[in-house]
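[1] Sequence and predicted structure, then a few things I'm wondering about:
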Amino acid sequence: MDHMFTLTGATLTVHLPAEVDHHSSERLKREADRLIQNRNVRCVLFDFGDTVFMDSSGIGMIIGRYKTMRFMGGAVAAIHVKDRMYRVLKLSGIDKIIDLYEGEISCGKMK
């Protein structure tokens, strides 16, 4: 699980697995919350570079971290979002609350 998270300064990058389902979402949620609370995280980047499938529990996991970061005055974005995942995120409405990027972005350069 450790290789799924990269902490650089106050930015937490969550490297999502190929399939984000109920089981992986629960593990991701627990570890992300632990790091956010213990490491003074101000920005969370969800890296979709390897992801080909995500169900509603993945959507819920992202929305939950968005709410946490919003409460803390932080930011959330999705990076390396390819066409298939872009459609899933667009249909879910997540694109209305977080920015979606095809490539790499740093938190300082977000809109």
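    Received it, and whenever you're ready, just let me know what you need.
[2] what helix or strand does the residue nearest to residue 17 when sequence neighbours are not counted sit in?
    Nearest residue to residue 17 in three dimensions, chain neighbours excluded: residue 24, at 5.4 Å (CB to CB, 6 or more residues apart in numbering). For the C-beta atoms, the positions are set from N, CA and C on the backbone; glycine is no exception. Using DSSP states H and E, residue 24 falls within helix 22-38.
[3] Would you mind pulling the contact partners of the very next helix or strand once past that helix?
    As assigned by DSSP H and E, the chain's next helix or strand after helix 22-38 is strand 43-47. Residues from elsewhere that reach strand 43-47 (CB atoms under 8 Å, 6 or more residues apart in numbering): 10-16, 32, 36, 62, 65, 69, 74-80, 105, 107, 110.
[4] can you rerun that using 6 Å?
    11-15, 65, 69, 74-80, 107 (CB atoms under 6 Å, 6 or more residues apart in numbering).
[5] Check those and tell me the two furthest apart.
    74 and 80 (20.1 Å; CB to CB).
[6] ok, the helix or strand containing residue 78: who's next to it in the sheet?
    Using DSSP H and E, residue 78 maps to strand 75-79. Strand 75-79 has its sheet partners listed here by DSSP bridges as strand 43-47 (parallel), strand 99-100 (parallel).
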